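Visitor: only the shape, not the letters, is given here:
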């Protein structure tokens, strides 16, 4: 999920994403993802065209067995830049748990 919404008035955007699952090299549960999003044509109502871009890098691991099975840990680094809104640099630590209900 991107940090910027990329849904401003008249905004056009494109995204490229690559994900690698390390199970292929013997580390099940470890996944790395990089995403790049770019946009232009934003109607800023300030007399200029708005543009923005964002790069997200995620590294996540889901515990495969034991008492913490299905607990996920994700580290995300975000760099977002724009000429009409605030720039963002952040690091996030995201914890998750998958629970089968049915």
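Guide: Now that the structure is in, tell me what you want to look at. What you are looking at is a predicted structure, and each value in this text was computed from that prediction instead of being measured.
Visitor: list the buried residues of the helix or strand hosting residue 13.
Guide: Under the criterion DSSP states H and E, the helix or strand holding residue 13 is strand 12-21. Using 16 or more other Cβ atoms under 10 Å as the test for burial, strand 12-21 gives residue 13. Any C-beta I mention is one placed from the backbone N, CA and C, and that applies to glycine too.
Visitor: that strand pairs with which strands?
Guide: Looking at strand 12-21 with DSSP bridges, its partner strands are strand 30-43 (antiparallel).
Visitor: in the strand it pairs with, what counts as buried?
Guide: 30, 31, 33, 35, 37, 39, 42.
Visitor: ok, the first one to residue 72 distance?
Guide: Spelled out, it's residue 30. 11 Å (Cβ to Cβ, to the nearest Å).
Visitor: got any residues that touch both of these two?
Guide: 60, 61 (Cβ atoms under 8 Å, 6 or more residues apart in numbering).
Visitor: residue boundaries of the helices in the chain?
Guide: In the chain, no helices are defined using DSSP state H.
Visitor: ok, for residue 60, nearest residue in space, not its chain neighbours?
Guide: Closest residue in space to residue 60, ignoring its immediate chain neighbours: residue 74 at 3.9 Å, by Cβ to Cβ, 6 or more residues apart in numbering.
Visitor: what's the local residue count around residue 58?
Guide: 17 (other Cβ atoms under 10 Å).
Visitor: I'm done for today, thanks for sticking with me.
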